[in-house]
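Colleague: my questions concern the predicted model and sequence given below.
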Amino acid sequence: MFALTLVHASSMTAQTSPSVQSSADELRFALVLTRHGVRSPTWANQRLDEYSKQPWPQWPVAPGILTPHGRQLMTFFGGYYRSWFAEQKLLSASGCADAARVFIWADTDERTRETGAGLADGMMPGCHAEVHALEGDTQDELFHATRKPGAAQSQKAFAALAGRIGNHPDALADAYQEPLDEMQRVLFDCKGGSCSVPLKKSLLAAQASVAPGSGDHLAELKGPLTTAATFAENLQLEYLEGMPDAEVGWGRANGAQVQSLMALHAAVSDLVQRTPAIARMQAAHLLDAIVRTIQQAEAGKSVDGAIGSLGERAVFLVGHDTNVSNVAALLDAHWLIDGYQRDDAAPGGALVFTLWRRSGKPDAVKLSYWVQTPDQMRRAMPLSLAAPPASADIFVPGCSLPEAGAPCNWVEFQTAVQAALGKP
């Protein structure tokens with residue numbers, strides 16, 4: 001059994017660049033699985049307003065759309081990726097000569113396509129680098145492997161999720177009573193058992209349930225915790241978008257409080273996205289494609305199922321927090337970044353797989369998590385090698401070596417992944 005464990009990120013702050021190997025090592029390839037940037041809430045305001053004393057703030061875009069602010073942040077991130085790759089001599093520092101060596105594949109949603117465009121603009125300004133995606137709004141099975149789950153899949157996911165909570169969804173409200181009460185305070189501007197607002201739904205009164213899912217959801221978890229998780233993420237998005245303090249939670253949630261309330265979202269993500277049986281059904285195809293893509297770069301020859309073409313030096317997969325969380329769950333990968341909850345797959349955050357050639361040693365793979373800090377996002381701070389995003393290295397017990405960045409020998413990394421996928 002191979003697993004990834006938490007490496008504390010206290011020394012990997014926003015002022016510290018991601019770690020590298022020794023000076024004799026050569027970066028050969030990078031694959032970045034990133035969430036899209038800051039978007040508007042997916043619920044329309046009319047629906048959100050049913051639960052709050054005051055109307056939720058208006059966003060500059062329709063529900064679920066990447067904001068101009070979010071696109072700018074991803075452009076900054078793209079510029080940073082280019083600078084870091086250039087420092088490692090994977091790409092040139094400027095110009096368009098390397099545009100053909102970077103491949104970007106995005107899910108078909110507007111927010112993922114536009115995130116890819118922002119990354120491309122930041123990495124290759126003026127080069128008109130292409131962002132690849134399926135035609136139209138067809139759901140891409142690379143990012144949505146279970147868009148049409150069978151009854152057996154849904155039943156298995158339900159059993160796995162129900163088993164993690166003793167098939168007692170009502171108990172979740174008791175387990176998270178304190179942050180739920182705090183969320184109700186933010187929504188209604190009051191607290192205590194008598195906290196209510198005429199004609200408004202109480203968050204705490206929602207009926208809890210767990211059931212087989214449908215569509216893109218293998219299992220459905222409903223109730224106060226899941227509803228509160230949606231609201232917590234919306235507050236985080238308000239904060240990261242740079243809304244005035246008076247509009248973030250109606251002035252009742254500062255940055256530290258938003259981070260604390262995101263414990264609700266972290267709890268739901270852990271249950272719904274990181275339950276191993278669910279993660280395997282949702283992301284086995286994606287993780288397999290990731291490894292095949294790295295294998296293509298390592299072997300120097302085309303590999304069936306790899307993403308992009310032979311000769312590319314960096315591949316970006318632009319998806320959703322579900323994709324990042326699912327892949328991380330398969331590998332039992334964890335991270336902790338200041339300003340976020342543990343394992344928060346924040347907007348623009350990415351799992352970064354890097355392949356290194358080492359002098360006199362087998363090739364190695366390093367896995368890390370990169371994300372802009374809440375302050376960097378809120379204030380739209382440009383990134384650079386002197387002012388990098390935050391990052392955390394991930395240690396793989398089955399293959400990591402006691403070296404900077406905890407690299408795995410390439411062959412042993414493949415073995416760990418095959419074990420995670422349940423393959424011999």
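Modeller: Structure's in. What do you need? Residues are numbered from 1 along each chain as shown.
Colleague: from here on, contacts and neighbour counts on C-alpha atoms
Modeller: Fine.
Colleague: hey, which helix is longest across this protein?
Modeller: Assignment by DSSP state H gives helix 276-299 as the longest helix of the chain.
Colleague: only C-alpha atoms, please: export that helix in PDB.
Modeller: What follows is helix 276-299, C-alpha atoms only, in PDB (Å, rounded to 0.1, in the frame of the first residue of the first chain):
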ATOM      1  CA  PRO A 276     -11.200   6.500  -1.900                       C
ATOM      2  CA  ALA A 277     -13.900   4.400  -3.700                       C
ATOM      3  CA  ILE A 278     -15.500   7.600  -5.100                       C
ATOM      4  CA  ALA A 279     -12.100   9.100  -6.100                       C
ATOM      5  CA  ARG A 280     -11.100   6.000  -7.900                       C
ATOM      6  CA  MET A 281     -14.200   5.900 -10.000                       C
ATOM      7  CA  GLN A 282     -14.000   9.600 -10.800                       C
ATOM      8  CA  ALA A 283     -10.300  10.100 -11.400                       C
ATOM      9  CA  ALA A 284      -8.600   6.700 -12.200                       C
ATOM     10  CA  HIS A 285      -8.700   7.700 -15.900                       C
ATOM     11  CA  LEU A 286      -7.300  11.100 -15.200                       C
ATOM     12  CA  LEU A 287      -4.400   9.800 -13.000                       C
ATOM     13  CA  ASP A 288      -3.600   7.100 -15.600                       C
ATOM     14  CA  ALA A 289      -3.500   9.800 -18.300                       C
ATOM     15  CA  ILE A 290      -1.200  11.900 -16.200                       C
ATOM     16  CA  VAL A 291       1.300   9.100 -15.600                       C
ATOM     17  CA  ARG A 292       1.200   8.100 -19.300                       C
ATOM     18  CA  THR A 293       2.000  11.700 -20.200                       C
ATOM     19  CA  ILE A 294       5.000  11.800 -17.900                       C
ATOM     20  CA  GLN A 295       6.000   8.400 -19.300                       C
ATOM     21  CA  GLN A 296       6.000   9.800 -22.800                       C
ATOM     22  CA  ALA A 297       8.400  12.600 -21.800                       C
ATOM     23  CA  GLU A 298      10.600  10.200 -19.800                       C
ATOM     24  CA  ALA A 299      10.900   7.600 -22.600                       C
END
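Colleague: now it, how far from the centre of its chain.
Modeller: 16 Å (CA atoms, centre = their mean, to the nearest Å).
Colleague: which residues touch that helix?
Modeller: Helix 276-299 has contacts (CA atoms under 8 Å, 6 or more residues apart in numbering) with 28-31, 142-146, 153, 156-157, 160, 218, 272-273, 302-308, 310-313, 323, 326-327, 329-330, 355, 363, 414, 417, 421.
Colleague: stretch 89-101 now?
Modeller: So stretch 89-101 is contacted by 26-29, 82-83, 85-87, 124, 126-127, 129, 311-314 (CA under 8 Å, 6+ apart).
Colleague: among those residues, which are located in strands?
Modeller: Taking DSSP state E, the ones among these that sit in strands are E26, L27, R28, F29, A314.
Colleague: in the longest helix of the chain, what's buried?
Modeller: Within helix 276-299, the residues that count as buried by 16 or more other CA atoms under 10 Å are 276-298.
Colleague: with stretch 180-192 instead?
Modeller: Under the neighbour-count criterion of 16+ other CA under 10 Å, stretch 180-192 has L180, D181, E182, M183, Q184, R185, V186, L187, F188, D189, C190 buried.
Colleague: contacting residues for K200?
Modeller: So K200 contacts E50, Y51, S52, K53 (CA under 8 Å, 6+ apart).
Colleague: swap that for L73, sorry
Modeller: G37, M377, A380, P382.
Colleague: what about the strands in the stretch 101-250 of the chain?
Modeller: Taking DSSP state E, counting those that start in this stretch as the criterion, the stretch 101-250 of the chain carries its strands at 102-106, 131-132, 209-212, 219-222.
Colleague: compare those strands and give me the one nearest S368.
Modeller: Closest to S368 of these is strand 102-106 (CA to CA; 19.2 Å).
Colleague: show me where pLDDT drops low in the stretch 101-250 of the chain?
Modeller: By pLDDT under 70, the low-scoring segments of the stretch 101-250 of the chain are 147-148, 192-193, 215.
Colleague: where along it do the helices fall?
Modeller: 110-123, 151-164, 170-175, 177-188, 224-241 (DSSP state H, counting those that start in this stretch).
Colleague: let me see the domain layout of this structure.
Modeller: Following automatic domain parsing, one gets these domains for the chain: 26-51+63-145+276-420, 151-272.
Colleague: between those, which one is nearest to P57?
Modeller: domain 151-272 (6.5 Å).
Colleague: V365 in helix, strand or coil?
Modeller: strand (DSSP: H, G, I helix; E, B strand; the rest coil).
Colleague: let me have the domains of the chain in TSV, extended by distance to P57.
Modeller: Below are those laid out as TSV (distance: least, CA to CA, whole Å):
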stretch	distance to P57
domain 26-51+63-145+276-420	8
domain 151-272	7
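Colleague: quickly compare these and say which is most buried.
Modeller: The highest mean neighbour count among the domains of the chain, using mean count of other CA atoms under 10 Å, belongs to domain 26-51+63-145+276-420: a mean of 21.
Colleague: quick check: end-to-end length of that domain?
Modeller: 28 Å (CA to CA, to the nearest Å).
Colleague: the longest helix of the chain vs helix 151-164, what angle?
Modeller: 110 degrees (axes from the mean of the first three to the mean of the last three CA atoms, to 10 degrees).
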